[in-house]
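1. Build me a structure from this.
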Amino acid sequence: MDVQVSKERIPVVFHDTTVKLCLKDLPSPLILEVPLKDLTIEQMQNAKVAGIKEHEAYLKAKEESGNLDSVEMDFQLFPTLNHVFDEVPEDTGFLIELKYPLAEM
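-> Residues are numbered from 1 along each chain as shown. Alright, predicted model coming up:
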């Protein structure tokens, strides 16, 4: 599994070094590509990510229900490494690739 670090240097499970964020509140949606290392955990959890079908389905379910609490999420887009370790059986092995951000990113 690929592990990046957040702005606070918290390990996060995510393959790419950047993420495409969608700013939908503009007259026409704008997509920005942002290095993951520049986002805090809170920003990641609140992000509207472009091109993620599960996230889009979650937003649609939220919109249809009108109540965020009634929509169960069985995934996290940016789970912390600690969260992953807490959720899987103790005897599970991991192959972790740490992708540390370079200065030019």
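2. At which residues are the helices of the chain located?
-> 41-45, 53-65, 81-87 (DSSP state H).
3. worst average pLDDT in those helices?
-> Here the lowest mean pLDDT among the helices of the chain goes to helix 53-65, at a mean of 64.
4. Low-confidence stretches in the protein?
-> 24-26, 48-59, 61-62, 65-76, 102-105 (pLDDT under 70).
5. go again using 90 as the cut-off
-> For the chain, the stretches with pLDDT under 90 are 19-33, 44-78, 87, 99-105.
6. didn't Val3 look like it was pressed against Leu98?
-> Yes - between Val3 and Leu98 there is a contact under CB atoms under 8 Å: 5.1 Å. (Glycine included, C-beta is placed from N, CA and C.)
7. Give me the common contacts of the two.
-> Residues touching both Val3 and Leu98 (CB atoms under 8 Å, 6 or more residues apart in numbering): Pro11.
8. which of those two has more neighbours?
-> Set Val3 next to Leu98 and count neighbours by other CB atoms under 10 Å: Val3 wins out with 18 against 10.
9. Name all residues that make contact with the more buried one.
-> By CB under 8 Å, 6+ apart, the contact list for Val3 reads Pro11, Val12, Val13, Phe14, Leu81, Ile96, Glu97, Leu98, Lys99.
10. please redo it, this time with the cut-off set to 7 Å
-> Pro11, Val12, Val13, Leu81, Ile96, Glu97, Leu98, Lys99 (CB atoms under 7 Å, 6 or more residues apart in numbering).
11. top of those residues by neighbour count?
-> Busiest of these [other CB under 10 Å] is Val12, holding 23 neighbours.
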